[in-house]
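K.L.:
Here is my input; please provide its structure:
(one chain, ligands or ions: 2)
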Amino acid sequence: MGSALHCAQTMQTLLIDGLWCTPDSETAIDVIDPSHDKTFSTIGRGSAADVDRAVAAARRASLGVWRNTSALERGRLLARAASLILEHADELAAIEARDTGKPLRQARAEIDVTVRYFEFYGGAADKVAGHVIPFLQGHQAIAVREPHGVTAHIIPWNYPAVMFGRSIAPALAAGNAAVLKPAEDACLTVLRIAQLLIDAGLPPGVLNIVTGLGSEAGAALSAHPDIDFITFTGSPQAGTLVQQAAALHHTPCVLELGGKSPQIVFDDADFDAALPAIVNAIVQNAGQTCSAGSRVLIARSRYDEWLARLAATFRELKVGVPEGNHACGPLINRRQWQRVAGLVDAAIGEGVERIATSSIASDAPQAGYFYAPTLLGNVPRTHPIAIEEVFGPVLCALPFDDEDDAVALANATSYGLVTGVWTRDGSRQSRVARQVRSGQVFINCYGAGGGVELPFGGVGKSGYGREKGLAALDEMSVIKTVVQRYE
Ligand code: NAP
Ligand code: MG
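P.N.:
Ligands and ions are numbered 1, 2, ... in the order given. Sure thing, here's the model as predicted:
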C-alpha cells in the first residue's frame, strides 16, 4: 500500500491476514472532509462475511505465530512501530486533520500521543506478571496472566489515531490478536498506521481491520461467537447494542461511553490558572471529546465575575479550517452539527441564556460544519442541556452554594467520567475528590484526552472497565490459577 489515501480510493481498506483487500460487497462509503463538505476518498463497506474472515485470521494468529512470539519480541515490535509512526508524524497529522477537520497542530500533537501508546505498552509487554499465592502445605498456587485470545475493538471518529493506539497497543502487548472496526466518519490514519505496524514486522493476522458501518460490520463483530473480549468507545446507545450482542456469547466488554464532566470552581480558586484550562477542555476538538469539561460549576459568590471572564475568552476564540490552527475546527458531519444546534436552540427556546459565542473565521468555507463555541448561563439544573452529553463546543455554567451543594451538583448526571476541582484548600481537594462519582479527578489542572499512563474509564452511563495505564493490561488479559501438589 503506497498510502492510506491511495488505498482508500481503491476500496482496499480491509486488512485481513496481512493483506489489504476489498470487501465482499462492491458498495463504497464516501470519506468526507468536514471543513468543506466534500468527498475526497472512499472506503470499503465491510459485511458480516468480511468480519468472519477477519476473526478467523485473528484466531489462527492467536493460536499460531503470536502465541509463539515472546513478550520481549512483542514489546520490541511495538517499539519499532512507535518509531515508524513518529517518522511519519507529519504525513499522518495531515491526513487526520483533513479527515476530521481538527487543527493541524492538534492533529500533530495527537500523533505524538499515539506514539506514546506504542512506547508505553511496548515497554510494558514483558512486565505483565502473575503472582504466587500462599496455599495449602505441599501445594504451589500461582495466578498467571494470559491473553484473552481474539479481541475486538470498535472505535469512534473523534480521535482516530489516538483511539487506535489506546486500544490496539495494550491488546497486542498482552498477546492478543485483534480485529478492529474504525468509524466510517474518520479512519484513514488508522489504515496508514496499520500499514506501519506491518512494516515494523507484525505477523499476518495479528491485526485485522474491517472498515464499514456500525450497524453492519460493528454489529457483526460484537455478536461474533469467536470473539473473546470487546472494547467499545462511542455513544451509550451503541454501547447498549454492543453489550446486548456480546451477552449472547458472554463476551466481556470494556465500554467507554462519554460524559458530562464538571469543572468545580470554588471561591478560593486561582481563576487565572483555571480559565484557560476550563475553556480548552470544552473547545478542544470542537467539544467532541468524551472527557470534555462541558459543565462549569462556580461558587455563587464569584459566579457573575467569573462568568464574565469566561464570556470574554469565548468571544475571542475563532473556528476555522485545519491550516488556520484556530481554537477548533468543524464538527464531524452534518448530522452532528444539526444535533448540537438543535440541542442549543431548544435550550434557548426554554429560557437558557446564551452568554457568549465565539466567531467563525472569515475564510471558513460556508459549506463546512463549523459551530461557534457557545457559553450558556441560567441553566436549570435538570434541563437536558445540563445533564446530557452534547458532544459539541457548548459549556453550561451553573452556580453552587457550598461544598455539599457543589458535590451534589457534580454528581447530578448519570455520567461519571472526569471531574476538575479548582481550589487552594488542600483538605477540600481531598474531600471533594473522594465524594465525586467519577473515573478520574484532576485537582487544579484538567486532562481532557492526554495521560497515556493514567487509568481511564467511567462509572454509570460513562461505561465500565479501564483503558490506558497498566490497568489496560489487566483488562486485556485474564488470570488463570494453577495449583500444583508437590508432596
Ligand atoms: P456511535 O454510533 O456510538 O459510534 C461509535 C462507534 O461505534 C463507530 O465505530 C460506529 O460505527 C460504531 N457503532 C455504531 N453502531 C454500532 C452497533 N450497533 N454495533 C457496533 N458498533 C456500532 O457514535 P456516533 O453516531 O458516531 O456519535 C453519536 C454520539 O455518540 C455523539 O453525539 C456523542 O455523544 C457520542 N460519542 C461519544 C464518543 C466518545 O468518545 N465517548 C465518541 C463518539 C461519539 P460507524 O460510525 O462507522 O457507523
Ligand atoms: Mg471524514
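K.L.:
Apart from its chain neighbours, what residue comes closest to Ala97?
P.N.:
Leaving out its chain neighbours, the residue that sits closest to Ala97 by CB to CB, 6 or more residues apart in numbering is Pro322, at 3.7 Å. Using the backbone N, CA and C atoms, a C-beta is placed for each residue, glycine as well.
K.L.:
How many neighbouring residues does that neighbour have?
P.N.:
Neighbours of Pro322 under the rule other CB atoms under 10 Å: 25.
K.L.:
Who are the contact partners of it?
P.N.:
Applying CB atoms under 8 Å, 6 or more residues apart in numbering, we find Pro322 in contact with 35, 97-98, 101-104, 107, 329.
K.L.:
give me that answer again for 6 Å
P.N.:
By CB atoms under 6 Å, 6 or more residues apart in numbering, the residues touching Pro322 are 97, 103-104, 329.
K.L.:
By neighbours, which of those wins?
P.N.:
Highest neighbour count within the contacts of Pro322: Gly329, with 29 neighbours (other CB under 10 Å).
K.L.:
how far away is that one from Arg381?
P.N.:
Applying CB to CB, to the nearest Å, the value for Gly329 to Arg381 is 32 Å.
K.L.:
repeat for Val436
P.N.:
16 Å.
K.L.:
all strands of the stretch 201-350 of the chain, in order?
P.N.:
Per DSSP state E, counting those that start in this stretch, the stretch 201-350 of the chain carries strands over the ranges 207-209, 229-233, 253-256, 261-265, 293-299, 318-319.
K.L.:
now those as a markdown table including mean neighbour count, distance to ligand 2 and mean pLDDT?
P.N.:
Below are those laid out as a markdown table (neighbours: other CB atoms under 10 Å; distance: least, CB to the ion, whole Å; pLDDT from 0 to 100):
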| stretch | mean neighbour count | distance to ligand 2 | mean pLDDT |
| --- | --- | --- | --- |
| strand 207-209 | 27 | 17 | 98 |
| strand 229-233 | 26 | 17 | 98 |
| strand 253-256 | 24 | 21 | 98 |
| strand 261-265 | 28 | 26 | 98 |
| strand 293-299 | 26 | 23 | 98 |
| strand 318-319 | 22 | 17 | 98 |
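K.L.:
Now distance to ligand 1 too, for the ones you listed, in TSV please.
P.N.:
Output for these, formatted as TSV (distance: least, CB to the nearest ligand atom, whole Å):
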stretch	distance to ligand 1
strand 207-209	12
strand 229-233	5
strand 253-256	6
strand 261-265	11
strand 293-299	10
strand 318-319	18
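K.L.:
The stretch 151-300 of the chain against ligand 2: which residues are in contact?
P.N.:
Contacts of the stretch 151-300 of the chain with ligand 2, taken as CB under 5 Å from the ion, map to Ala186.
K.L.:
Tell me where the stretch 151-300 of the chain has helices.
P.N.:
Secondary structure of the stretch 151-300 of the chain (DSSP state H, counting those that start in this stretch): helices located at 160-173, 188-199, 219-222, 236-247, 271-283.
K.L.:
Can you pick out the most distant pair from the contacts of Pro322?
P.N.:
Leu104 and Gly329 (9.3 Å; CB to CB).
K.L.:
re the thing from before, right, and the strands of the stretch 201-350 of the chain - which one's nearest Gly201?
P.N.:
strand 207-209 (11.9 Å).
K.L.:
Please work out how many residues are found near Gln484.
P.N.:
For Gln484, the neighbour count with other CB under 10 Å is 10.
K.L.:
got a pLDDT number for the residue of the stretch 201-350 of the chain found nearest ligand 2?
P.N.:
Residue of the stretch 201-350 of the chain nearest ligand 2, by CB to the ion: Ile332 (6.8 Å). Model confidence at Ile332, given as pLDDT, is 98.
K.L.:
Cool, thanks, signing off.
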